[in-house]
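Q: For reference, the sequence and a predicted model appear below.
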Amino acid sequence: MNEISVQPRPRLPEWLRIKLPTTGGYLATRTLLDDLKLHTVCESAKCPNQFECWSKGTATFMIAGDHCTRACKFCAVSTAKPLALEVDEPARVAEATRRMKLKHVVITAVARDDLADGGADHFRQTIEAVREANPGIVIEVLVPDFLDKDECIDSVLAARPEIYNHNLETVRRLTPSIRHRATYDRSLSVLRKVKERRGDSIYTKSGVMLGLGETEVELYTAMEDLRQVGCDILTLGQYLQPTRNHLPVVEFVSPARFNDYGKVAETMGFLHVASGPMVRSSYHADEFDLFRDLRENKKKV
């Protein structure tokens, strides 16, 4: 594996400079998460939107520990030998959603290639615990690829999440140099299998980072590939280098171009598109406004 050359990080453009909210909600969320001993991707992945989301009383829960078995060159989550799964973690996540009075929750996890099922059953248990504690909540899972194992995908689907999110992350050409162990076609296969199994009773979602050196043609091709496997929801956001040991930013994409890309995605048939420099997979996830359809679809299955 080639080492990443450490270079000074470029100055952020004005549209990426964050103005921190001044509400007291941040401390309340911080206290709750500490009390329940929960991990969030907001912290572990150094998300630039952490302060805003926590101030509004939302967070993306990261289950199965905070040590990942993969070493993707864009991601700030620690790569290390994972610890054993915590059997009470599903109940603690469920309690957090109840206390926070969430109507939409995003649950993600590190890649657990050390486990036979990649942590899929832990996802199932967490979804079921959340739904029992918080009936009516919309549950979105942001899952690893589970090495495209059918039994793992089926285990998560058995708990009937409303939204199944798995990120493509980047274009085909850049995937080998950016994503550790993951492949472009495997990610597409995962999303295709979800649609084949659940059809219109579930929404599939994926995200692509911009600014890593992709071309416009490559981005449009990736978007078309996602639509070919039935992906319903798309997020497009600016890649930001979390530390000097991660991949450098090749380009800061302007808000105007993000807006143009979003419009193109809508013409391709995505049901919902979030496209902007600060957009992340779970940022403002509850703005997806087809909850009525979600509930109607659940009645059909």
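A: Yep, it's here.

Q: Show residues contacting stretch 273-282.
A: Stretch 273-282 has contacts (Cβ atoms under 8 Å, 6 or more residues apart in numbering) with 15-16, 18, 41, 47-49, 60, 106, 108, 140, 142, 165, 167, 205, 207, 233-238, 252-253, 255, 258-259, 261-262, 265-266, 283-284, 287. Yep, even glycine has a C-beta here, placed from its N, CA and C like the rest.

Q: Can you give the distance of it from its chain's centre?
A: Averaging C-alpha positions (Cα atoms, centre = their mean, to the nearest Å) puts stretch 273-282 11 Å from its chain's average.

Q: and what of stretch 180-191?
A: Centre-to-centre, stretch 180-191 and its host chain are 15 Å apart (Cα atoms, centre = their mean).

Q: buried set for it?
A: Residues of stretch 180-191 classed as buried by neighbour count (16 or more other Cβ atoms under 10 Å): 180, 182, 184, 186-188, 190-191.

Q: Check stretch 155-167 too.
A: Applying 16+ other Cβ under 10 Å to stretch 155-167 flags 155-157, 159-167 as buried.

Q: Tabulate the residues you listed (TSV), appending distance to residue 30, secondary structure and pLDDT.
A: Formatted as TSV, the buried residues of stretch 155-167 follow (distance: Cβ to Cβ, whole Å; DSSP: H, G, I helix; E, B strand; the rest coil; pLDDT from 0 to 100):
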residue	distance to residue 30	secondary structure	pLDDT
155	32	helix	98
156	29	helix	98
157	33	helix	98
159	29	coil	97
160	31	coil	96
161	27	coil	96
162	28	coil	94
163	26	strand	95
164	29	strand	97
165	25	strand	97
166	29	coil	97
167	26	coil	97
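
Q: Taking the residues you listed together, which two end up most distant?
A: Farthest pair in the buried residues of stretch 155-167 (Cβ to Cβ) is 160 and 167. Separation: 21.2 Å.

Q: Distance of residue 200 relative to residue 125?
A: 26 Å (Cβ to Cβ, to the nearest Å).

Q: ditto for residue 279
A: Using Cβ to Cβ, residue 279 is found at 30 Å from residue 125.

Q: What are the boundaries of the helices in the stretch 201-301 of the chain?
A: Remark: helices assigned in the stretch 201-301 of the chain by DSSP state H, counting those that start in this stretch are 216-228, 255-268, 291-300.

Q: swap that for the stretch 1-150 of the chain, sorry
A: Under DSSP H, counting those that start in this stretch, the stretch 1-150 of the chain gives helices at 25-36, 41-44, 50-55, 89-100, 120-133, 150-158.

Q: ok, residues contacting the longest one?
A: When contacts are defined by Cβ under 8 Å, 6+ apart, helix 120-133 is touched by residues 63-64, 85, 89-91, 93-95, 97-98, 105, 107, 109, 137, 139, 141, 143, 146, 151-153, 155-156, 158-161.

Q: go again using 6 Å as the cut-off
A: If you take Cβ atoms under 6 Å, 6 or more residues apart in numbering as the criterion, helix 120-133 is touched by 63-64, 85, 90-91, 93-94, 97-98, 107, 139, 146, 152, 155-156, 158-159, 161.

Q: try the fourth one
A: For helix 89-100, contacts defined as Cβ under 6 Å, 6+ apart pick out 32, 36, 38, 57, 61, 63, 105, 125-126, 129-130, 133-134.

Q: So for residue 60, what's the pLDDT?
A: Residue 60 carries a pLDDT value of 89.

Q: returning to what we had before: just send the helices of the stretch 1-150 of the chain back as a markdown table, with distance to residue 78 too.
A: Shown next, in a markdown table, are those (distance: least, Cβ to Cβ, whole Å):
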| stretch | distance to residue 78 |
| --- | --- |
| helix 25-36 | 18 |
| helix 41-44 | 7 |
| helix 50-55 | 17 |
| helix 89-100 | 18 |
| helix 120-133 | 19 |
| helix 150-158 | 23 |
